[in-house]
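Colleague: Output the structure for:
(chains A and B)
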There are 2 protein chains.
Amino acid sequence: MKNILLIGCGLLGSSLLRRIHRKKIAKKIFVHEKSKKNLFKIKKLKLPGIIVKNLNDAVSKSEIIIFCTPMSEYKKLILKINNHLNPKHIITDIGSSKLESKKVIKKNLKRNISWTSSHPIAGSEVSGPEHGKHNLFENKWCVLIKDKKANLKHLNVLNSFWKMMGSRVVVMSSEKHDKIFSITSHLPHLIAYNLVKSAQDFEKKQRYNLIKYSAGGLRDFSRIAASNEIMWRDIFFNNKNNISKAIDLFIKNLNKFKKDINSMNDKSIIKKLIQTKKVRSKIIKLKQDIDKPDFGRN
Amino acid sequence: MKNILLIGCGLLGSSLLRRIHRKKIAKKIFVHEKSKKNLFKIKKLKLPGIIVKNLNDAVSKSEIIIFCTPMSEYKKLILKINNHLNPKHIITDIGSSKLESKKVIKKNLKRNISWTSSHPIAGSEVSGPEHGKHNLFENKWCVLIKDKKANLKHLNVLNSFWKMMGSRVVVMSSEKHDKIFSITSHLPHLIAYNLVKSAQDFEKKQRYNLIKYSAGGLRDFSRIAASNEIMWRDIFFNNKNNISKAIDLFIKNLNKFKKDINSMNDKSIIKKLIQTKKVRSKIIKLKQDIDKPDFGRN
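Modeller: Model prediction:
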């Protein structure tokens, strides 16, 4: 049994905390959280774990260190704990993009220390420790990053760790990870933010009360567009090259579609609409979403 | 008590049927449906109402006629029943766009016959009578169209009718309707279709299995992109002018956003992400969506 240090205790950190405690995976769980608001909530919720103010003391006492902060915090934290790290430390993070943080880590992390990155595909539009759940990772994918010079021993430990969190683990490179998630996650979020923004622009210009009629589709996008702004700024900045390409591909498709509706190209539109429909059944078959109409909302 | 004729008995038609029957609003309910598949389902489900093969016979016997077919069917149906219509007939439809069908109606409907258009903001990604629900319209908005030369008597009857369906009624012009829903409904659907298409294009090109990782955001869009293709083709074609403008506004925002992430314009991005987040709470406050994180899915 190992000691585990969680740096950051929001939605994901607190979900790990709950699960680690419940499954009795760690000897001790140390929790470092800089936000006073979150600390207050953690205490009020009587979450398990030992809250530590002295980060380096906890680093020295821990075998596994998990970064659960926004990615823009990594550099500062690495520089803070560097001198207390040793090659046996198993370090990971849960960030949603990988190439850019890899650079930050390489540049700032002390030599001979390994960092094995993780990305559990789990989250929500809400944030904060009050929304964490012990089963947040249950049956969700967790991507483990294996690049050149990967520490295979650490990779194995983390593979087991995520399985104990309930995840299904898949291993891939940072490059592949960032390409895939630019399409399946980053572009959808960016689109949701911009659709809601367009509705707001329109509302301002036309002075119509639009939001009242959002049940026709807009409301779905508003959920994703309510996601944490710091986390998503970091993702958009860190994966900007892939995301820019994804935006270009998407705009190309939008313009083609616009042309098709303006010329009333029946054949092309119907073909597209039937084609895209198939993805839904694929997603449900792969158990990536529930099969109830309307997400079972009503 | 009146006789009501429902032309088309898919998701919305069958929901009306169930509700009208349950609330005992009509003396007789006639149901005309041309799809053999739907007719088979209606019989198997033992839905109420009298299935009529002879449409004109049912027209002559009914006081209220509700078109619940795709909008592209209106013309053919109008020409078919024209000679059996009289000025007392209260005719409505549930189509999702109004200006274009108004032209079709004006051009083809016999003189002195009124058509008072409705649009209940209710639906789902599934279609067919097996998915209908008596409470589909409960607490949902229903837009009643009031243009110049509106038949106020019919408008009043339909106002009461939709209230009995459980809807909250709002009256507006075709022009306003089509502008509002180009943003709150038509653009979101068009975007969802094109996002899923972009993911498919990317998958083909990169030979990655993307769909497996759709839980990060894509899966939400796939629900809307699974909507009925005939219904949505009709909407895209019928409201193409407003939708084209909406696409342009949206692409403008996307390109600005892309520029902001490429120049890492922290201030602008954070401002946008915070601004758009507010819409979610507004939507929940207006009871246009449930307030559970992740639509209460997990």
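Colleague: Can you give me the buried ones in stretch A:13-28?
Modeller: For stretch A:13-28, the neighbour count (16 or more other Cβ atoms under 10 Å in any protein chain shown) marks A:Gly13, A:Ser14, A:Ser15, A:Leu16, A:Leu17, A:Arg18, A:Arg19, A:Ile20, A:Ile25, A:Ala26 as buried. For every residue, glycine as well, the C-beta is placed using N, CA and C.
Colleague: and the angle for the lengthiest helix in chain A with helix B:240-262?
Modeller: Longest among the helix segments of chain A by residue count, using DSSP state H, is helix A:240-262. Relative orientation of helix A:240-262 versus helix B:240-262 (axes from the mean of the first three to the mean of the last three Cα atoms, to 10 degrees): 170 degrees.
Colleague: Next up, the contacts around A:Asn242.
Modeller: A:Asp178, A:Lys179, A:Ser182, A:His186 (Cβ atoms under 8 Å, 6 or more residues apart in numbering or on different chains).
Colleague: cool, A:Leu17 as well?
Modeller: By Cβ under 8 Å, 6+ apart, the residues touching A:Leu17 are A:Leu6, A:Cys9, A:Ile29, A:Val31, A:Leu47, A:Pro48, A:Gly49, A:Gly132.
Colleague: From those residues, keep the buried residues only.
Modeller: Of these, these count as buried by 16+ other Cβ under 10 Å: A:Leu6, A:Cys9, A:Ile29, A:Val31, A:Leu47, A:Gly49, A:Gly132.
Colleague: if I look at A:Asp127, how far off is A:Ser97?
Modeller: Actually, residue A:127 is Ser rather than Asp. Per Cβ to Cβ, to the nearest Å, A:Ser127 is found 17 Å from A:Ser97.
Colleague: ugh, wrong one, A:Lys163
Modeller: Where A:Ser97 is concerned, A:Lys163 sits at a distance of 23 Å (Cβ to Cβ).
Colleague: quick one, which of these two is more surrounded?
Modeller: Using other Cβ atoms under 10 Å in any protein chain shown as the criterion, A:Lys163 and A:Ser97 rank with A:Ser97 on top: 26 against 13.
Colleague: Where does that one sit, in terms of helix or strand?
Modeller: With secondary structure defined by DSSP states H and E, A:Ser97 is part of neither a helix nor a strand.
Colleague: Next, the contact list for it, please.
Modeller: A:Met71, A:His177, A:Asp178, A:Phe181, A:His186, A:Asp234, A:Ile235, A:Asn238, A:Asn239.
Colleague: Just say helix, strand or coil for the second one.
Modeller: When classified by DSSP: H, G, I helix; E, B strand; the rest coil, A:His177 comes out as helix.
Colleague: For it, which non-adjacent residue is spatially closest?
Modeller: Of all residues not flanking A:His177 in the chain, A:Lys98 sits nearest, at 5.0 Å (Cβ to Cβ, 6 or more residues apart in numbering or on different chains).
Colleague: How about the fifth one?
Modeller: Taking Cβ to Cβ, 6+ apart as the measure, A:His186 lies nearest to A:Ile243, with 5.1 Å between them; neighbours along the chain are not counted.
Colleague: so the one you found touches A:Leu190, yeah?
Modeller: Yes: counting by Cβ atoms under 8 Å, A:Ile243 touches A:Leu190, with 6.6 Å between them.
Colleague: any shared contact partners between the two?
Modeller: Jointly contacting A:Ile243 and A:Leu190 under the rule Cβ under 8 Å, 6+ apart are A:Phe236.
Colleague: that older thread, rebuild the contacts of A:Leu17 as JSON lines, extending it with pLDDT.
Modeller: As requested, the contacts of A:Leu17 are exported to JSON lines (pLDDT from 0 to 100):
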{"residue": "A:Leu6", "pLDDT": "98"}
{"residue": "A:Cys9", "pLDDT": "98"}
{"residue": "A:Ile29", "pLDDT": "98"}
{"residue": "A:Val31", "pLDDT": "98"}
{"residue": "A:Leu47", "pLDDT": "98"}
{"residue": "A:Pro48", "pLDDT": "97"}
{"residue": "A:Gly49", "pLDDT": "97"}
{"residue": "A:Gly132", "pLDDT": "97"}
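Colleague: Which residue ranges of the stretch 151-298 of chain A form strands?
Modeller: Secondary structure of the stretch 151-298 of chain A, counting by DSSP state E, counting those that start in this stretch: strands at A:168-172.
Colleague: for it, what spans make up the helices?
Modeller: In the stretch 151-298 of chain A, the helices defined using DSSP state H, counting those that start in this stretch lie at A:152-164, A:174-181, A:187-206, A:218-224, A:229-238, A:240-262, A:266-285.
Colleague: wait, does the fifth one contact chain B?
Modeller: It stands for helix A:229-238. Yes: residues of helix A:229-238 contacting chain B under Cβ under 8 Å from any Cβ of the partner chain: A:Glu229, A:Ile230, A:Trp232, A:Arg233, A:Phe236, A:Phe237.
Colleague: Could you do the first one as well?
Modeller: No: in terms of Cβ under 8 Å from any Cβ, no part of helix A:152-164 sits within range of chain B; the closest distance is 15.0 Å.
Colleague: ok, back up a step: can you name the two of the contacts of A:Asn242 that sit furthest apart?
Modeller: The largest distance within the contacts of A:Asn242, taken as Cβ to Cβ, falls between A:Lys179 and A:His186 and amounts to 10.3 Å.
Colleague: between those two, which one's more packed in?
Modeller: Applying other Cβ under 10 Å to A:Lys179 and A:His186 shows that A:His186 carries more neighbours, namely 27 against 22.
Colleague: Could I get the contacting residues of that one?
Modeller: A:His186 makes contact with A:Ser96, A:Ser97, A:Ile235, A:Phe236, A:Asn239, A:Asn242, A:Ile243, A:Ala246, B:Gly217, according to Cβ under 8 Å, 6+ apart.
Colleague: Mind doing that once more with 6 Å?
Modeller: A:His186 makes contacts with A:Ile235, A:Asn239, A:Ile243, as judged by Cβ atoms under 6 Å, 6 or more residues apart in numbering or on different chains.
Colleague: and which of those residues is nearest chain B?
Modeller: Using Cβ to the nearest Cβ, A:Ile243 is the member of those that sits closest to chain B, with 6.6 Å.
Colleague: mind checking which helix or strand A:Phe143 is in?
Modeller: Quick fix: residue A:143 is Val, not Phe. Taking DSSP H and E as the definition, one finds A:Val143 inside strand A:141-145.
Colleague: Could you do A:Ile4 as well?
Modeller: strand A:2-7.
Colleague: So what's the residue count around the closest residue to A:Asn253 other than its chain neighbours?
Modeller: Excluding the flanking residues, the one nearest A:Asn253 by Cβ to Cβ, 6+ apart is B:Asn194, at 4.6 Å. Using other Cβ under 10 Å, the number of residues around B:Asn194 comes to 27.
Colleague: And the spatially most central residue of chain A, how far from chain B?
Modeller: For chain A, A:Ser96 is the residue whose C-alpha lies nearest the centre (Cα atoms, centre = their mean; 4.3 Å). From A:Ser96 across to chain B, the span is 8 Å (Cβ to the nearest Cβ, to the nearest Å).
Colleague: Over to A:Ala199?
Modeller: Applying Cβ to the nearest Cβ to A:Ala199 and chain B gives a distance of 5 Å.
Colleague: now do A:Gly10
Modeller: Distance, A:Gly10 to chain B, using Cβ to the nearest Cβ: 13 Å.
Colleague: And the nearest residue to that residue once chain neighbours are set aside, how far from B:Lys98?
Modeller: Closest residue to A:Gly10 apart from its sequence neighbours, by Cβ to Cβ, 6+ apart: A:Ser127 at 5.3 Å. A:Ser127 sits 40 Å away from B:Lys98, going by Cβ to Cβ.
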